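> with the input below, show me the fold.
(chains A, B, C and D, ligands or ions: 4)
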Amino acid sequence: MTQTWEAERRGRALERMLTIRRFEEAVDKLFHEDHAFMTHFHLYIGQESTGVGLMEALGPDDKLATHHRNHGHILARGSEPKKALAEILGRETGLNKGAGGTLHMSDPDLGFISTSSIVGGSISLANGAAFALNQEGGDAIAVGLFGDGALEEGIAYESLNLAALYELPVLFVCENNSAGALGSAGGGFPTSVSAVKDLTTIPETFGIPVETVDGRDLEAVNELAATAVAHCRARKGPYFLHAVTERWAGSQPLWPELTTGELDISMAWDESKISGEHEDWYLNHDPVLIYARKLLGSGDITEDELTEMDEREKARIAEAREFALESPRPTPESALEHVFA
Amino acid sequence: MTQTWEAERRGRALERMLTIRRFEEAVDKLFHEDHAFMTHFHLYIGQESTGVGLMEALGPDDKLATHHRNHGHILARGSEPKKALAEILGRETGLNKGAGGTLHMSDPDLGFISTSSIVGGSISLANGAAFALNQEGGDAIAVGLFGDGALEEGIAYESLNLAALYELPVLFVCENNSAGALGSAGGGFPTSVSAVKDLTTIPETFGIPVETVDGRDLEAVNELAATAVAHCRARKGPYFLHAVTERWAGSQPLWPELTTGELDISMAWDESKISGEHEDWYLNHDPVLIYARKLLGSGDITEDELTEMDEREKARIAEAREFALESPRPTPESALEHVFA
Amino acid sequence: MPTKNYADAMLDVLSRFMDEDPNFVVMGNEVLGIGPEGAQFEPFQKKYGDRILFPPCSEAAYTAMAAGAAMCDHRMFAHLGLASFTYPAISSIANEISTARTSSGGTIGVPVTLHISHGLLHGGGAQHSESPFGMYWNLPGIEIAAPSGAKEVKGLLTTAIKSDNPTIVLTHAFGYGAEDDVPDGDFEIPFGQADVKREGDAVTIVACSMMTAVALGAADELAGEGINAEVVDLRTLVPLDEQTILDSVAKTGRLIVADEGRMHCGVASEIAAMVSEKALDSLKAPVARVARMDAPVAANQVQEGYIAPDAEKLVSAARQIVGEVPAAAA
Amino acid sequence: MPTKNYADAMLDVLSRFMDEDPNFVVMGNEVLGIGPEGAQFEPFQKKYGDRILFPPCSEAAYTAMAAGAAMCDHRMFAHLGLASFTYPAISSIANEISTARTSSGGTIGVPVTLHISHGLLHGGGAQHSESPFGMYWNLPGIEIAAPSGAKEVKGLLTTAIKSDNPTIVLTHAFGYGAEDDVPDGDFEIPFGQADVKREGDAVTIVACSMMTAVALGAADELAGEGINAEVVDLRTLVPLDEQTILDSVAKTGRLIVADEGRMHCGVASEIAAMVSEKALDSLKAPVARVARMDAPVAANQVQEGYIAPDAEKLVSAARQIVGEVPAAAA
Ligand SMILES: Cc1ncc(C[n+]2csc(CCOP(=O)(O)OP(=O)(O)O)c2C)c(N)n1
Ligand SMILES: Cc1ncc(C[n+]2csc(CCOP(=O)(O)OP(=O)(O)O)c2C)c(N)n1
Ligand SMILES: [Mg+2]
Ligand SMILES: [Mg+2]
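Numbering: from 1, shown residues only, chains lettered A, B, ... in the order given. Ligands and ions are numbered 1, 2, ... in the order given. Got it, this is the predicted structure:
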């Protein structure tokens, strides 16, 4: 029962995707150009539609456990870009006082529990949040966010079994970004080095309902997520959502690069801007352009409004960037402050 | 294409089952009556048909990795009962100089690699043996022996994935002895605490061919094993054999007890001997009695021959018992002899 | 004071939190071990069954599940079984539980209590005899208690469950039946307070877990020879009560550390190093580590006994270092 | 001698065994790390591709697979990635690999080499910065090497792969690019031989892995102050070259241990304990442990730097203990 969304809601969703995209572009520059941080990092470019579509379906009391590719999840849930960016730069003003960084960024105020960058970790921790929420009564649910590679770890299978056994209200969201991935051949982590041809058969084995959705399609993701969330709220046990997206070319190398350039929003209406090696990406995979075209097509937004919206987001991220760069670093001694309560 | 076995082969198989049964009865007495060893142990009673049927299908160059319930595997493969019993008593004359005991008994001369009592361990190690044999060429295969509980461990799933990915010549033998198990309710280890209703769907998920067989039926097990072994020898990848047996009442408590008494072989022809709480066990589940009846029925063996055979095995185990009890213990200093090469 | 064994002491504590805290949950199999004391679990199970889980053999995942619930401020008690069975769960412990508070900038706590059975089992072999105090002490962010008897089990387990930090409580797999006078009602033993179980002036024996009883036995024997040993029960490794150890060594000038864990990078090494750093001048003789030798445990009592720390080894170590010429006079 | 970095040194060794032994297999992802040196892997991959595996993210199972093959006498090399990623595999390492020879009565060996990248990454955070020397040293039956530079990488890795025992070789995740003069051809560094990298008489600095370079830097600075430090590179933890350490301490009378692993139950504790047991009389001043503080690593260089051992801390530790009044005169 897809009811089309009202323009205003669509606008908000597109805006959030733009926040994430401009944010990730800024992160990449802060690493490669500003050398403002030195660690390995992972960008959410190409998956914005999944994150935003999913978060739109959640409520304020729901808990989440995310993983190494968390920037988009945290922003989609509504965290302040400036605090997130400060966190990635390891500043005191960051969401986690700079101690989490890109790999462990989490926003407890928005229901995020500890962010694990150990592949498979988020699945296992999400079970715990679901267990706690179940114990408390009410209808809040837990969401475990992870990638296709997580299904290579044994703990993922153990956790699916536990979730099914204890009928935990947990929504497993597997963002399969390996479609068209070159895996190790491309120098990237060989994600989905699996003999399982269709990942949905894994949750099925444990009797967990599962559906696959095109992760590029924000509204489709949201519709499926709404169904899944309702299932968990009704305490019918866990649900597994499999969102498939193309692996963004920029994440093929081990260290992300803006291979496809900074987003040129005018590509949403001006085909002439599109050409070259990444043509297919701009036309068929970039979820921001896809959704922008949809909204232009339906008349929910005009080119000028879109340009304006994008400029607003650029400015917002530019401010966040300044905020982060000017934020103080933690004091050395504070390294021992949060080891114990 | 079941061809019936010639009497002689059947005799040998029945004899081996009797060896195992009398051996396990001796182990139980050595613990409860003689207090000749103090550790937790696991008996193979009720599964003799699976072990013997399987080993009959293997060749001399095949490698095996077994687990905590290994006595029957090692005897079925042909190890000397006296050396096995000495091992359980921790004597120098044991298969592993008394250092392995019941939990880690292994017979490298017969192709057994290290015996792990960590649930899931044998599956993961069997992959390695299969990998090595594959590397060497030839057609030898590896066998991983484990219980239904092993499929609760993450490493089991990781290992199935690896076996499928690398098309390893490994035969996974899952002895599901939980049919009718009371699990934790009965005070036993809660094996098969799994949301997976049919364990065969697990290997299927990884594209590994799987068949279920009645573990009580020695010849059926052997026939399926032969097919499975041929599959692996032909380097067609792994195979998963699921052998189901009733959980023997004696293993319900955490420490095995001869709840069903010592085997009275005359129950194979004299129904009047059978009564009481364990009637169903004697009639329908004790694999030794089942096979004995079959051979009596087919005329492959007579009551007298059967009695004689059983007496021979009893005497053999009695000797093994003496041998083990009289064997010297390792010297204290030898504790450090085999830490490093 | 009523006499109780470890098992009863544990049930005292678990029942108390079951009654106090509707969110308190106990998960694990054979929580009271696989010996006869296991039976004592039944009445507890009957009463609180709906908040007791018997998880599958999935140590990594149920440890993480307990941790995830604790990250939502639920106090969780997870029994992981024998120490060897905790190894599949170490990623959940080391990567998730020990780091969450720091990585979140202090915003996320993990009030989970992990209960582990450790120790030599008289023939248990290499995979059922571990005492990995050293491995866990090498991790940050986790409090570690090692009760020496039933009284300590009650007092330390209570403090552990009340703690806002993740805690690991290691009790001896052979200890469930060991009895002691155990106070009724609310009884806590604060973390970071070692207990001088026996006063003496000739040599200090710092003991971990059940080695405390072994050390007291050795002390009796030594007393017969006129060697008056002081026995210090560590009680908790994290936090460590350095002062009580240093005071004792200042008095005796001699240190023996008794631990069932392996020697290298174990408890004995840590205590010896701490003293050599902070009280070298107090030492009149070399430190002696009486710990498990660095070998896997062979599955027979003879070889197990050879590598195990025991009263005899403590006695001869004491004789030797008491006989030593003081370093100062060397 | 040609100058090579860690990565080249590793490839020298791996190529040599690929050529010598048709059963030799290399498995693991990012064997040469995720830095620029990763590219050096390509020619090797082209040449020996059929015996190189890029396993799924299943550390427990592929470590056990390597072990199982090794139990069939195949020499296997498995790269497990960063130390944090080895935690899911600890059961395979501690329960299977370390125990097989003992449990089988000496009949089954496990000639597998596990390669692990350890160390602080300038902001890598709590799950990418581990140096678990202590946790692994607490296990029995496994040889452990900690190369301090490219030359040691070549010499020790060769010895490790040749060994009939399971070995763990920990190289620093930031070291792949570090260059050194590396001998061509067959080059082995025997296990159990520490290397005195710098002679001195005022204080002994025993260093593990890359801390050797840091210690040499500190020694230069100390020399300027007239403090002549001797720097001992441990090279292997198991077996440990106690003699070289004891000889040095006998000469200098002062000991500092430098290790990137955490303090408690770590390398520094073990060395300090060993010396306090075997050479207390040689010590003229308290031992000093300069190791990583017991805290998870916050993902920023400021807090990371605070808990990390460095040259400055080594220098001030040296100044202090050299200034100490000898215990003998106390
Ligand atoms: C236990 C563990 N092993 C290895 C790694 C290294 N690693 C980081 S990201 C990654 C790939 C994860 O792929 P996927 O789960 O699909 O997430 P994606 O990056 O594709 O979004 C790996 C193997 C890790 N973080 N944890
Ligand atoms: C990792 C681990 N966790 C727990 C145990 C304790 N344990 C010993 S046997 C057993 C049950 C195994 O059941 P199954 O695999 O079906 O074998 P069975 O005993 O039924 O033959 C368990 C949980 C163990 N040995 N290893
Ligand atoms: Mg992926
Ligand atoms: Mg079973």
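
> all contacts plus neighbour counts: C-alpha atoms, from now on.
Noted.

> and stretch A:142-157, how far out from the chain middle?
14 Å (CA atoms, centre = their mean, to the nearest Å).

> near chain C, anything from it?
Yes: against chain C, stretch A:142-157 shows contacts by CA under 8 Å from any CA of the partner chain at A:Ile155, A:Ala156.

> please apply the same query to stretch A:203-219.
No: shown here: stretch A:203-219 not in contact with chain C (CA under 8 Å from any CA), separated by at least 13.5 Å.

> residues in contact with that stretch?
A:46-50, A:52-53, A:160-161, A:164, A:175, A:200, A:220-221, A:224, A:237-245, A:285-287, A:290-291, B:195-197, B:201-202, B:205 (CA atoms under 8 Å, 6 or more residues apart in numbering or on different chains).

> the residue lying closest to A:Phe31 once chain neighbours are set aside and A:Arg10: what is the separation?
Leaving aside its chain neighbours, A:Phe31 sits nearest to A:Phe37 (5.7 Å; criterion: CA to CA, 6 or more residues apart in numbering or on different chains). Using CA to CA, to the nearest Å, we find A:Phe37 at a distance of 35 Å from A:Arg10.

> kindly report the residues of chain A close to chain B.
So far as CA under 8 Å from any CA goes, chain A lies against chain B at A:152-158, A:161-162, A:164-165, A:194-197, A:201-202, A:205-207.

> pull out the buried members of those residues.
Buried members of those, scored by 16 or more other CA atoms under 10 Å in any protein chain shown, are A:152-158, A:161-162, A:164-165, A:194-196, A:201-202, A:205-207.

> in helices, which of those residues fall?
A:Gly154, A:Ile155, A:Ala156, A:Tyr157, A:Glu158, A:Asn161, A:Leu162, A:Ala164, A:Leu165, A:Thr201, A:Ile202, A:Thr205 (DSSP state H).

> can I get the residues you listed in TSV with pLDDT?
TSV is the format used below for those (pLDDT from 0 to 100):
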residue	pLDDT
A:Gly154	98
A:Ile155	99
A:Ala156	98
A:Tyr157	98
A:Glu158	98
A:Asn161	98
A:Leu162	98
A:Ala164	98
A:Leu165	97
A:Thr201	97
A:Ile202	98
A:Thr205	97
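
> helix, strand or coil: sort out the closest residue to A:Ser192 other than its chain neighbours for me.
The shortest distance from A:Ser192 to any non-neighbouring residue, by CA to CA, 6+ apart, is to A:Gly149 (5.0 Å). What DSSP: H, G, I helix; E, B strand; the rest coil gives for A:Gly149 is helix.

> now the one helix or strand C:Met274 maps to and helix D:267-278, what's the angle there?
Here C:Met274 sits within helix C:267-278, counting by DSSP states H and E. For helix C:267-278 against helix D:267-278, the angle by axes from the mean of the first three to the mean of the last three CA atoms, to 10 degrees is 80 degrees.

> sec struct for the residue of chain C found nearest ligand 4, please.
Evaluated by CA to the ion, chain C has C:Cys57 as its residue closest to ligand 4, separated by 11.3 Å. Put simply, C:Cys57 is coil when judged by three-state DSSP.

> quick one: neighbours of it, just the number.
By other CA atoms under 10 Å in any protein chain shown, 27 other residues sit near C:Cys57.

> what of C:Lys154?
31.

> buried stuff in stretch C:296-313?
Result for stretch C:296-313 [16+ other CA under 10 Å]: buried residues C:296-311, C:313.

> need the helices for the stretch 101-250 of chain A, in chain order.
A:101-104, A:121-136, A:154-165, A:201-205, A:218-233 (DSSP state H, counting those that start in this stretch).

> same thing with the stretch 51-200 of chain C?
C:59-70, C:90, C:100-103, C:133-137, C:150-162.

> okay, residue 73: pLDDT?
Here I'm looking at chain A. In this model, A:His73 is scored at 98, pLDDT.

> my bad, the chain I had in mind was chain C
98.

> list the contacts of it.
C:Asp73 neighbours (CA under 8 Å, 6+ apart): C:Gly109, C:Val110, C:Pro111.

> may I ask which of those residues has the most neighbours?
Going by other CA under 10 Å, C:Val110 tops those with 32 neighbours.

> excluding its backbone neighbours, what's nearest C:Pro132?
C:Gly261 (6.0 Å).

> check C:Tyr329 and give its pLDDT.
Just so we're on the same page, residue C:329 is Ala rather than Tyr. 42.

> now swap in A:Ala181 and tell me
51.

> and stretch A:330-341, C-alpha only, in PDB?
Extracted as PDB, the C-alpha positions of stretch A:330-341 are listed here (Å, rounded to 0.1, in the frame of the first residue of the first chain):
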ATOM      1  CA  PRO A 330      40.800  16.700  24.400                       C
ATOM      2  CA  THR A 331      43.300  17.200  27.200                       C
ATOM      3  CA  PRO A 332      45.900  14.400  27.300                       C
ATOM      4  CA  GLU A 333      45.000  13.500  30.900                       C
ATOM      5  CA  SER A 334      41.400  12.900  29.900                       C
ATOM      6  CA  ALA A 335      42.600   9.700  28.300                       C
ATOM      7  CA  LEU A 336      42.000   8.000  31.600                       C
ATOM      8  CA  GLU A 337      38.800   9.700  32.500                       C
ATOM      9  CA  HIS A 338      36.400   7.200  30.900                       C
ATOM     10  CA  VAL A 339      38.100   3.900  31.400                       C
ATOM     11  CA  PHE A 340      35.800   3.200  34.400                       C
ATOM     12  CA  ALA A 341      32.600   4.800  35.700                       C
END
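
> and it, is it in reach of chain D?
Yes: applying CA under 8 Å from any CA, one finds stretch A:330-341 in contact with chain D at A:Pro330, A:Thr331, A:Pro332, A:Glu333, A:Ser334, A:Ala335, A:Leu336, A:Val339.
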